[in-house]
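1. quick check, what structure comes out for this input:
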Amino acid sequence: MAQQTVSMVLPSAIYDDLRTRILSQADAAGATFTESAVAEQFGVARPTAKMAIERLVAEGLLRREAHQAARVPELSRDDIVDLLDSRAIVEGAAIARLAQSGTIPAEALAAHRALQSGETAYAPLDIAFHRALVTGQSSSRLVRMHSLLMGEIELCIGQVLANHLRSTRDVVAEHQGILDAVTAGDSTLAERLTREHIARSQQRLLEHYDAKAGTR
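-> Alright, predicted model coming up:
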């Protein structure tokens, strides 16, 4: 029985470690993950390593072509535009719907307070904040649409953080504005502030992408 519990926990622990490395850009775009290499690194069997890798593939944090190793996706300029435009539509609609109730999900508030304290990593808390706001509203379809985008959204957030494109102070201030609008029940303002928040990150990421392209 104990052995079965360990075998269930290990893939999750490996997944958490690999996910952190990808989000922090320790393993940047183009980095590859093979079952044999991951198994050797963590001292586990290949099926265990495969479970962790496949979970990351399913979430969009890794991509795998037929007969090739899983790879951290390299987002193009068009990918960034399309992804964050789509994110703004879905999150804007979800948070406008949330504002109709005027209630902040506990998970979103906890992530916001942790970001304010500055004691832990930015990216996971930012992701948790936005995910909690979306899942806290009543439309299951908006939740499903958002979940389909989340892997690539997390890649973008990781790039923003790793390249110091936005300050934690600015992000916290914008999050607070969204929370205040939701609490006030102002759906129009909540949606607008959400879209503007995403647009600022998109602009910084595109500027960074263009600057890198200009040096090649």
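2. CA only for contacts and neighbour counts going forward, please
-> OK.
3. spatially nearest residue to residue 177 (excluding sequence neighbours)?
-> Here the nearest residue to residue 177 in space, its sequence neighbours aside, is residue 193; by Cα to Cα, 6 or more residues apart in numbering that works out to 7.1 Å.
4. which of the residues in the helix or strand containing residue 40 are buried?
-> Assessed by DSSP states H and E, residue 40 sits inside helix 35-42. Buried residues in helix 35-42, counted by 16 or more other Cα atoms under 10 Å: 35, 38, 39.
5. cool, and stretch 182-198?
-> By neighbour count on 16+ other Cα under 10 Å, the buried set for stretch 182-198 is 182-195, 197-198.
6. cool, and stretch 123-136?
-> By neighbour count on 16+ other Cα under 10 Å, the buried set for stretch 123-136 is 123-136.
7. next: stretch 29-36.
-> 29, 31, 32, 33, 34, 35.
8. go on, stretch 86-101?
-> Across stretch 86-101, burial judged by 16+ other Cα under 10 Å covers 87-88, 90-99, 101.
9. circling back to that earlier point, point out the least confident one among the buried residues of stretch 123-136.
-> Minimum pLDDT across the buried residues of stretch 123-136 is recorded for residue 123, with 80.
10. tell me the contacts of that residue?
-> Neighbouring residues of residue 123 by Cα atoms under 8 Å, 6 or more residues apart in numbering: 23, 24, 154, 157, 158, 161.
11. what separates the helix or strand containing it from the chain centre, distance-wise?
-> For residue 123, the host element (DSSP H and E) is helix 122-135. Put simply, helix 122-135 sits 7 Å off its chain's centre (Cα atoms, centre = their mean, to the nearest Å).
12. how about that helix as PDB, C-alpha atoms only?
-> Provided in PDB are the C-alpha atoms of helix 122-135 (Å, rounded to 0.1, in the frame of the first residue of the first chain):
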ATOM      1  CA  TYR A 122       5.900  36.100  -8.900                       C
ATOM      2  CA  ALA A 123       4.800  33.800 -11.700                       C
ATOM      3  CA  PRO A 124       3.000  31.000  -9.800                       C
ATOM      4  CA  LEU A 125       1.100  33.600  -7.800                       C
ATOM      5  CA  ASP A 126       0.100  35.700 -10.800                       C
ATOM      6  CA  ILE A 127      -1.100  32.500 -12.500                       C
ATOM      7  CA  ALA A 128      -3.000  31.400  -9.400                       C
ATOM      8  CA  PHE A 129      -4.700  34.800  -9.100                       C
ATOM      9  CA  HIS A 130      -6.000  34.900 -12.600                       C
ATOM     10  CA  ARG A 131      -7.000  31.200 -12.600                       C
ATOM     11  CA  ALA A 132      -8.900  31.700  -9.400                       C
ATOM     12  CA  LEU A 133     -10.900  34.700 -10.700                       C
ATOM     13  CA  VAL A 134     -11.900  32.700 -13.800                       C
ATOM     14  CA  THR A 135     -12.800  29.500 -12.000                       C
END
